[in-house]
Each structure stands twice: as C-alpha cells, then as structure tokens.
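Peer 1: build me a structure from this.
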Amino acid sequence: MYPYQNPDLSTEERISDLMSRMTLEEKILQTDQYYSGDFTTQDENGKVTAVDMQRFDALMQHNSVGSVQLRGMTAAQANVVQRYAIENTRLGIPYLFSEEALHGLMTNNATSFPQQIGLAASFEPELGREMGHAIAAESRACGIHETYSPVMDLIRDPRYGRAEESYGEDTYLCAEFARETVLGMQGTDLTTPDTVAAEPKHYVGYGNPVGGLNCAPCTMGRHDVFSDCLPVFEAAFADGKACDAMCSYNSIDSIPVSMDHELLTDVLRGQFGMPGFVRSDLTAVSRLYDWHFIAETPEEAIRLGLEAGVDLQLYDFPHDVWQKAIAHLIESGSMKMSVLDTACRRVLRMKFALGLFENPYTDEKRADTILRCPEHLATAEKIAEKSIVLLKNDGLLPLRKDLRSVAVIGPAADTVSYGDYTETRGRKGGVSVLDGIRAAVSPETEVLYERGCNFLGQALHPFDPSMLRDENGEAGLTGRYYNGPVPQGEPVQVRTDRTVNFNWI
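Peer 2: The predicted model follows:
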C-alpha cells in the first residue's frame, strides 16, 4: 500500500505522495471533465439504458480523469464506471461524479423542490438547510458526489430570464439562504451517504447582465460587485464552508471573471478560504478566445484561465485540445508546472475529502428508499406552501366551493411547471394549475379553460422521436458536431441523437 492509500495520514500528505507518482498526462487529466452521453445509450425519458464500456475505454484509455457527469445514470451504472477507475487505471484514482441539482437532482425520479426564488419567498433560511440535505441525500444515493449548486446570483434586473434560480435581489436574504443551503448539503462529514460537496454558482456578478441577456457583461461595476454580490458567496464559503465554485461567463468592467486572479484566487481562496476547485461554467474559459476576444488562441485562453484559478474545464474545449494545450504550455515553458500542480491538487483534495479513496462505490439499494421518500415530499410541499405570496386580498379569497363557474386563463395553466434544471421527460405525479383547481372545486362548479396566448410567440415542439431515423435506420438522427461555427473539416463527435430538443451552447 502506497502512502496516498493510507487513511491514517493527513490529506495533504496523501495528496503530495500521490502527485509525486503521477505523470504529466495523469495530472492534466485531473483537470478535465467527461460526460455520460459519450459512452451511454439513453431512452426517450433521458434514462441510461446501457453503458458501453468499450466506448468508455476508448475515451479513458486506462486513465483516471477529474470528473464525470452522470446524466441519467443509476447508482449501479455509476459503480460500473467507478470500478474501471479503481481496477483499470495505473494509480486507482477514483472519478468524481457530478451533476446538476439546483432544486432537486436532475433525474425524473428525484424530488422536485420549489425553485430557489420560491424557497427565498418563505423568508425562512432554515428551510434551505432542510431542502439542501434532502437534495444531497438523493444525489449521493444515485452515486453523485458533488453538485453544480446552489445558485447565488443576485438578481436586480427583472428582464433576466434566470431569476427563478436565484434567492432574489437582497444581499442579506440571499446570503442567509446561501449559507443554510450549503450547510444542509454538506453536513459535517462529506464521507457520509447523505452529503455532497456543494459548488455555488455563478461566481460572480452573473445575475445582472446588460439588457437582462444571459451571459452578457455585468452592469455592476467592481465596487458594487464587491459590496453587493460577493457577500452572498462569502456566506456560503466562509460561513457555510462550501467546497467548490463554478466560475461565471461574464466580465466585470471589461475583465472576464474566468481570467480574474483577484476574484478566483485572492478573494475566493485567500479571503473566503474555499478548499476545493473552481470549475468553469460551460465555455467560460473558451469565451476568452471566441467571445471576449482577449486570448489570441485557445491555448492562450486555457493558460489565462488556469493561472487565474480555474482548475477544471466543463466542456470548454474538446478533450484533445484541452489536454494537448496544457502539455504544450508546460513543455514549452509558457506556463509553470506549479500552476498545473495546484489545479490537480485541488481536484484531488475533494476526492480525498469525500472519502472516495476508501469508499469509491455507492450502495445500489439506497436510491429505492431515498428518492421521493415521504419525508422529502413533505418538505417540498411545506416549502411550496410557505413560498406563496399574497400581495392583496379584498375578501375574494378563499373562493367559495359552490361557485357556479371558474375561468382559468393563461399559457401556463395546463402545463405542469417544475422550473428549469428539472428532467421533465418521464416524470410522474405533477399537477398543473388547471388540474389542481378542478380537484379543489365542488362537482357542481364548471371549470372553463382558455390558453389565451403564448409566452413568446408560437410554442416550439420537438419532432416525435418515432419520426426520426439515423443513418443506420435506427431511432433518432445522426449528429455531426464541429469545433467551429461552420461544419468544416473532421467532426469532433458523431453520435445518434434520439431527439433534437437541447441547446447547443
């Protein structure tokens, strides 16, 4: 047994020993993220029906990587993948399994809690801790170790379309919920089966974009970001002890956050004491090259991100581009080896903190009793009741049971609304406003319904998957994906998409 495998040593001793045995390639791989869609087959509800270990082996080539996103996978399937890391890689470094879990794990059989704007409307931060613990328990039962949540964006522009994900506009209230939710998710011991490492996002200044447009530059200046936005994250990291962070796309006073050393290192690590790693939000680093136009090449963008404090890419670049660029930066002397070592150390630190070297596998039976258990459903219902805000009542409410008729009008009335970051495909048990009203009134009351209008023009609906056939005549469409705005050269990926109902960003 090597020293890094000895649980009696300190975490830092174990990390140092492990890194002394790692090659350059093995260190680089710890800064990269992989996705389940590249080696699995999914059904029309997003559930993984098969894990293709031959495809997985072709991707990994007997290596460990920093993180794998397990969209649609079960604990048993996660264990199959994890067993590969433990038994088929040189050093047996486990994978970190991560997933979205903003107001419930993003799988259709998990509890869907009210979105964070509803949670905050309760004005009871302790409910955040209760919800956070329930989400963590369900996530860990499915094999997830770390979640891209909670969202801590301060929202001051009502045009911003992602306001539902936030705790609102008030710094103090947002900070209270941020701290309590993280404490609920992480508990006091990350090695237990009902905790996960939290990754607050989007750090920082993301919720106030120019024109309310997602990903646009922040309208707030640096002083306002420090005085209003950062205290929310400070509550999560300094008080709640959040482990990781997700770096945002936006720029502040023309400086992109993904290359801002002061924010990502001096403040986040130096002042707030965050112990783990920074994951780039999807393309936050690559945008230094193709959106912010600061880096002249992808390699330069990667260097700027890593040196500022980004440790793990979230699909910014194809794996070969990311990995070869870092290797060339080190070998050419353009970036110090210490930068890569620091990033690798931060990722490994979380794997040790989560106890993955001692207990890499998940109890495959826990999910059956934890997901959507009566206790969690009761918590969701309690938060939903407390989230209701009645602005004014002139005596009309509550409505009489014996009303002759009730008209329900609006485009959201006949659709179950879970909020974003929810897997709605195949989800059961939801009740729309219209169905809820029909169930509440007396049998003699006539309920009239009219859609009235659409939200944004005519609603778009994806083709039924049964109407699509790929090049081999199977269900779906053959998709070729190119690294650029036009389909030129060799595609970086060819796959069958069962339906076209996603966003290519």
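
Peer 1: CA atoms for contacts and neighbours, from now on please.
Peer 2: OK.

Peer 1: just the CA trace of stretch 152-160, in PDB.
Peer 2: Extracted in PDB, the C-alpha atoms of stretch 152-160 (Å, rounded to 0.1, in the frame of the first residue of the first chain):
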ATOM      1  CA  MET A 152     -26.300  32.500  -5.600                       C
ATOM      2  CA  ASP A 153     -26.700  35.200  -8.300                       C
ATOM      3  CA  LEU A 154     -28.000  38.500  -7.000                       C
ATOM      4  CA  ILE A 155     -30.800  39.500  -9.400                       C
ATOM      5  CA  ARG A 156     -31.600  43.200  -9.900                       C
ATOM      6  CA  ASP A 157     -32.900  43.100 -13.500                       C
ATOM      7  CA  PRO A 158     -36.400  41.700 -13.900                       C
ATOM      8  CA  ARG A 159     -35.700  41.100 -17.600                       C
ATOM      9  CA  TYR A 160     -33.100  38.400 -16.700                       C
END
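
Peer 1: and the nearest residue in space to Ser254 that is not next to it in sequence, how many neighbours does it have?
Peer 2: Using CA to CA, 6 or more residues apart in numbering and skipping the chain neighbours, the partner closest in space to Ser254 is Pro217 (7.5 Å). Using other CA atoms under 10 Å as the criterion, Pro217 is surrounded by 24 other residues.

Peer 1: what pLDDT, on average, does stretch 228-241 get?
Peer 2: Across stretch 228-241, pLDDT averages out at 98.

Peer 1: ends of it, what's the gap?
Peer 2: One end of stretch 228-241 to the other measures 20 Å (CA to CA, to the nearest Å).

Peer 1: buried stuff in that stretch?
Peer 2: By neighbour count with 16 or more other CA atoms under 10 Å, stretch 228-241 contains the buried residues 228-241.

Peer 1: same thing with stretch 333-345?
Peer 2: Met335, Val339, Leu340, Asp341, Thr342, Ala343, Cys344, Arg345.

Peer 1: likewise stretch 241-256?
Peer 2: Residues of stretch 241-256 classed as buried by neighbour count (16+ other CA under 10 Å): 241-252, 255-256.

Peer 1: ok so, going back, so who does the residue nearest to Ser254 touch?
Peer 2: By CA atoms under 8 Å, 6 or more residues apart in numbering, Pro217 lies in contact with Pro209, Val210, Asn250, Ser251, Ile252, Ser254.

Peer 1: which one of these is nearest to Val406?
Peer 2: Pro209 (40.2 Å; CA to CA).

Peer 1: quickly list what that closest one is bridged to.
Peer 2: Beta-bridge partners for Pro209, by DSSP bridges, are Cys218.

Peer 1: do you know how far it is from Ala353?
Peer 2: Counting by CA to CA, the gap from Pro209 to Ala353 is 35 Å.

Peer 1: higher neighbour count, those two?
Peer 2: Pro209 (23 against 17).

Peer 1: which of the buried residues of stretch 241-256 fall in strands?
Peer 2: With strands taken from DSSP state E, the overlap with the buried residues of stretch 241-256 comprises Ala245, Met246, Cys247, Ser251, Ile252, Ile255, Pro256.

Peer 1: got the contact list for the second one?
Peer 2: Each residue near Met246 by CA under 8 Å, 6+ apart is listed here: Tyr148, Glu199, Pro200, Lys201, His202, Tyr203, Val278, Arg279, Ser280, Asp281.

Peer 1: identify the residue nearest Ser405 in space, chain neighbours excluded?
Peer 2: Nearest non-adjacent residue to Ser405, counting by CA to CA, 6+ apart: Glu446, 4.4 Å away.

Peer 1: tally of neighbours for that neighbour?
Peer 2: The burial count for Glu446: 14, using other CA under 10 Å.

Peer 1: wait, it sits on Val406?
Peer 2: Yes. Glu446 is within contact range of Val406, at 6.3 Å (criterion: CA atoms under 8 Å).

Peer 1: what is the burial count for Pro398?
Peer 2: The local packing of Pro398 (other CA under 10 Å) involves 7 other residues.

Peer 1: quick one: the residue nearest to Ile86 when sequence neighbours are not counted from Asp363, how far?
Peer 2: Leaving aside its sequence neighbours, Ile86 sits nearest to Gly92 (CA to CA, 6+ apart; 4.2 Å). Shown here: Gly92 relative to Asp363, a distance of 20 Å by CA to CA.

Peer 1: just want to know which of those two has more residues nearby.
Peer 2: Gly92 (18 against 14).

Peer 1: give the contact list for the more buried one.
Peer 2: Gly92 neighbours (CA under 8 Å, 6+ apart): Ser64, Ala85, Ile86.

Peer 1: which SS class is the second one?
Peer 2: Classification of Ala85 using DSSP: H, G, I helix; E, B strand; the rest coil returns helix.

Peer 1: my read: it touches Ile93, true?
Peer 2: Yes. Between Ala85 and Ile93 there is a contact under CA under 8 Å: 6.2 Å.

Peer 1: shared neighbours of these two, anything?
Peer 2: Between them, Ala85 and Ile93 share these contacting residues under CA under 8 Å, 6+ apart: Ser64.

Peer 1: those two: which has the busier surroundings?
Peer 2: Just comparing Ala85 and Ile93: by other CA under 10 Å the higher neighbour count belongs to Ile93, 27 against 22.

Peer 1: who's in contact with Val494?
Peer 2: Thr478, Gly479, Arg480, Tyr481.

Peer 1: could you give the bridge partners of the third one?
Peer 2: Spelled out, that is Arg480. Bridge pairing for Arg480 - DSSP bridges - gives Val494.

Peer 1: how about low-confidence regions in the stretch 1-150 of the chain?
Peer 2: Residue ranges of the stretch 1-150 of the chain with pLDDT under 70: none are present.

Peer 1: the helices in it, which residues?
Peer 2: Ranges of helices in the stretch 1-150 of the chain, per DSSP state H, counting those that start in this stretch, are 11-21, 24-29, 53-60, 75-88, 116-121, 125-141.

Peer 1: equivalent analysis for the stretch 251-400 of the chain, please.
Peer 2: Using DSSP H, counting those that start in this stretch, helices in the stretch 251-400 of the chain cover 261, 287-290, 298-308, 319-332, 337-353, 366-370, 374-387.

Peer 1: what does the first one rub up against?
Peer 2: Taking contacts as CA under 8 Å, 6+ apart, the residues outside helix 261 that touch it are Glu307, Ala308, Gly309.

Peer 1: need phi/psi at the last one.
Peer 2: The phi and psi values for Gly309, taken as degrees, to the nearest 10, are phi 130, psi 10.

Peer 1: follow-up on the earlier one: just the buried ones from the contacts of Val494?
Peer 2: The neighbour count (16+ other CA under 10 Å) marks Thr478, Gly479, Tyr481 as buried among the contacts of Val494.

Peer 1: ok, the residue nearest to Ser405 - contacts?
Peer 2: Applying CA under 8 Å, 6+ apart to Glu446 gives the contacts Arg404, Ser405, Val406.

Peer 1: return the member of those residues nearest to Gly132.
Peer 2: Comparing these against Gly132 with CA to CA places Val406 closest, at 37.6 Å.

Peer 1: ok so the closest one is a strand residue?
Peer 2: Yes. Remark: Val406 belongs to a strand, assigned using three-state DSSP.

Peer 1: that one contacts Glu450, doesn't it?
Peer 2: No. The pair Val406 / Glu450 is not scored as a contact, 11.4 Å apart, by CA under 8 Å.
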